[in-house]
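Student: Structure for the following, please:
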Amino acid sequence: MKLSAKIVLTSALLIAPLAMANPYMSAVPFTSPRDAGIRGSAEVRTEARFSSNKSLASGKAKYRERTRGKLIEQRFDIEVEDANPGDSLAVFVNGNMYGTMIVNDLGVAELQFRTAEFIDDPGDGTPIPTEFPRTNPGATISVGDMSGTFQAR
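Tutor: Okay, here's the model as predicted:
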């Protein structure tokens with residue numbers, strides 16, 4: 001198993017217990033507000049980069065939304081590197097908390113949210129919360145003590 005696959009799997013295993021305790025990370029079924037007729041069919045791609053003033057930690061977050069038939073596919077990925085092993089990093093988007101990442105022994109943490117219908121295996125991520133916002137350019141993210149603003153990509 002490649003190192004990146006181990007990291008994703010480890011991150012998923014660490015996040016799973018949080019998803020049970022945190023209502024923002026619960027596995028909520030796909031609902032009609034995400035229907036293409038309501039949200040439109042334009043593709044959205046944004047990215048935010050961030051770094052810490054207190055350590056060497058840095059990272060990026062990517063958001064993608066597109067129409068597939070009558071469904072909206074959403075993907076949200078965060079990668080942090082050079083963080084302190086064992087640190088717990090709270091993830092906020094536009095001021096609302098959507099989860100926590102635990103930094104592994106290599107100083108890496110990852111979080112992946114996907115629209116439930118597009119998750120093929122456990123390594124693909126956690127179902128995206130139904131209240132997760134569209135991260136248009138200008139949306140904000142903070143991960144631990146780091147923060148950034150989403151830009152079009």
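Student: who's in contact with the closest residue in space to Met146 that isn't next to it in sequence?
Tutor: Excluding the flanking residues, the one nearest Met146 by C-beta to C-beta, 6 or more residues apart in numbering is Phe50, at 4.0 Å. Just so you know, the C-beta spots here come from the backbone N, C-alpha and C atoms, and that holds for glycine as well. Residues counted as contacts of Phe50 (C-beta atoms under 8 Å, 6 or more residues apart in numbering) are Ser58, Gly59, Lys60, Ala61, Ile141, Ser142, Val143, Met146, Ser147, Gly148.
Student: Shouldn't the fifth one be within a strand?
Tutor: The one in question is Ile141. Yes: counting by DSSP: H, G, I helix; E, B strand; the rest coil, Ile141 falls inside a strand.
Student: ok, so what distance separates it from Val108?
Tutor: Note on Ile141: its distance to Val108, by C-beta to C-beta, to the nearest Å, is 18 Å.
Student: So those two - more neighbours on which side?
Tutor: Set Ile141 next to Val108 and count neighbours by other C-beta atoms under 10 Å: Ile141 wins out with 25 against 21.
Student: Show me what that one bridges to in the sheet.
Tutor: Beta bridges link Ile141 to Val93, Gly148 when assigned by DSSP bridges.
Student: surely it meets Gln151?
Tutor: No: using C-beta atoms under 8 Å as the test, Ile141 is too far from Gln151 to be in contact (11.3 Å).
Student: coming back round to it: which SSE is the residue nearest to Met146 in?
Tutor: Using DSSP states H and E, the element containing Phe50 is strand 44-51.
Student: just checking, next helix/strand downstream of that strand?
Tutor: Reading on from strand 44-51 to the C-terminus, the next helix or strand found by DSSP H and E is strand 58-68.
Student: all helices for this structure, in order.
Tutor: Under the criterion DSSP state H, the chain contains helices at 3-21, 36-39.
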